[in-house]
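In: with the input below, show me the fold.
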Amino acid sequence: MGYIFDPEHLQQIGQTGVGLPHEEMCRVVIEGLAAAYPGHIETKQDWIFNLAAGATGIMTVLHGSLSEYIIIFGSAVGTEAFSGRYHVDIYDTMLAGEMWTYTEENFREKTTHLPGEMALLKRGTAKGFKTREGSWMLEYGRGLVPTALPIGLGDAVLAMDGVTVWKTLRNYGRLVTRELLQGKI
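Out: So this is what the prediction gives:
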C-alpha cells in the first residue's frame, strides 16, 4: 500500500496546536497538515459524533483513503472504553488533555499520554482507555481502513443512529473518492 503520511511528522504538526484554545488548536493543526500534504487534507471541519467500541466522542475527518485516515477526535466531557481490535495501526497524538491506557499484558498500571505525546495501538492488539474531560487527539490510522468500519460504526448502528452512520460514511466516502481520483489507494 502506498502510504503518504509519516506518524512522526504528524506528531510534530500536532504539537504545534498544543496549549492553544480548541478552535485555534484545530485550525493550526489542520493548516499545518494541509501545507505538509497538499491536496490530501480536508480543511473544512464537519464534526460528527463517533460511537465506537463503547467510546463516545466527536470527530472531524481530515483524510480518508482505503489505506489511511486522519481525524481529530475528542470530547469536552471525556470518555472511557475498549479500544477495539483493528487490522490497522492507530497513532494518537494528544493535542489537549490526557489519555490513560492499559493492556491485557499490563493491566495493573496505567500508561498516561499527555499533550504532544503519541500513543500507538498496533494492529491486532487492544487497550482499555480513558480520556479526561477536554481531551483531543490527532488520530492517524494506517492499514486496510475499511476493515475498521464495523468497530468504528458498530455502536451507532446498534443505537440505530442513522444520522451518525450516514454522516460518517458520507464524509469518509467522499474523501476516499477524492483520493482514488488522485491515484491513491
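In: what helix or strand is Glu24 on?
Out: Assessed by DSSP states H and E, Glu24 sits inside helix 22-36.
In: centroid-nearest residue for the chain?
Out: Glu139 (3.0 Å; C-alpha atoms, centre = their mean).
In: for the chain, give me the ranges with low pLDDT.
Out: 1 (pLDDT under 70).
In: in it, what residue sits furthest out from the centroid?
Out: Quick read of the chain (C-alpha atoms, centre = their mean): farthest out is Arg108, 26.3 Å.
In: show me what counts as buried in the helix holding Glu24.
Out: Met25, Cys26, Val28, Val29, Ile30, Gly32, Leu33, Ala34 (16 or more other C-beta atoms under 10 Å). Yep, even glycine has a C-beta here, placed from its N, CA and C like the rest.
In: leaving aside the residues adjacent along the chain, what's closest to the third one?
Out: Spatially, and ignoring its direct neighbours in sequence, Val28 is nearest to Gly17 (4.7 Å; C-beta to C-beta, 6 or more residues apart in numbering).
In: quick check: phi and psi at the one you found.
Out: Backbone torsions of Gly17, given as degrees, to the nearest 10, read phi -90, psi -10.
In: turn the buried residues of helix 22-36 into JSON lines, columns for distance to Pro150.
Out: Listed next are the buried residues of helix 22-36 as JSON lines, based on distance: C-beta to C-beta, whole Å:
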{"residue": "Met25", "distance to Pro150": "31"}
{"residue": "Cys26", "distance to Pro150": "28"}
{"residue": "Val28", "distance to Pro150": "33"}
{"residue": "Val29", "distance to Pro150": "28"}
{"residue": "Ile30", "distance to Pro150": "28"}
{"residue": "Gly32", "distance to Pro150": "31"}
{"residue": "Leu33", "distance to Pro150": "27"}
{"residue": "Ala34", "distance to Pro150": "30"}
